[in-house]
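**Student:** sequence and computational prediction follow.
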Amino acid sequence: MEQLLEFITIHREMIYFVLLSVFVGVEVIGGVPTVLHTPLMSGANAIHGVVIVGAIYVMLNVDPSNTLALILGFLAVLLGTLNVVGGFVVTDRMLGMFKKK
């Protein structure tokens, strides 16, 4: 617990930046018309593919005793993968709407 409080104290500005980025991202994506969601999903898939590769690279180079970095890396890989797979599923469903029956 003491390590967590020390981490928060040291990286306070970074935590504020991430929280602000989350709120701005929610507002920006929330204002996008439905027609543009498929092209944006393709961009999000590409970005999250890079996030997955970066998270795997960081996890391979982190000290095995640093459990916080390993947990955050695992969550980045997991959530990035879920976003990529979900994006492909949504894109496939949207493209399926235009196929002839």
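**Tutor:** Everything's here; your move.
**Student:** following element in sequence after whatever helix or strand Glu27 lives in, please.
**Tutor:** Element membership of Glu27, judged by DSSP states H and E, is helix 12-30. With elements assigned by DSSP H and E, the helix or strand that comes after helix 12-30 is helix 37-61.
**Student:** residues making contact with that following helix?
**Tutor:** Helix 37-61 is contacted from outside by 29, 32, 69-70, 73-74, 76-77, 80-81, 83-84, 87-88, 90-91, 94, using Cβ atoms under 8 Å, 6 or more residues apart in numbering. Just so you know, the C-beta spots here come from the backbone N, C-alpha and C atoms, and that holds for glycine as well.
**Student:** could you check the angle the helix or strand bottoming out on mean pLDDT in the chain makes with helix 12-30?
**Tutor:** Using mean pLDDT, DSSP states H and E, the weakest-scoring helix or strand in the chain turns out to be helix 37-61, at a mean of 78. On the basis of axes from the mean of the first three to the mean of the last three Cα atoms, to 10 degrees, helix 37-61 is oriented at 160 degrees to helix 12-30.
**Student:** show the average pLDDT along the helix or strand just after helix 37-61.
**Tutor:** Later in the chain than helix 37-61, the nearest helix or strand by DSSP H and E is helix 67-96. The predicted model gives helix 67-96 an average pLDDT of 84.
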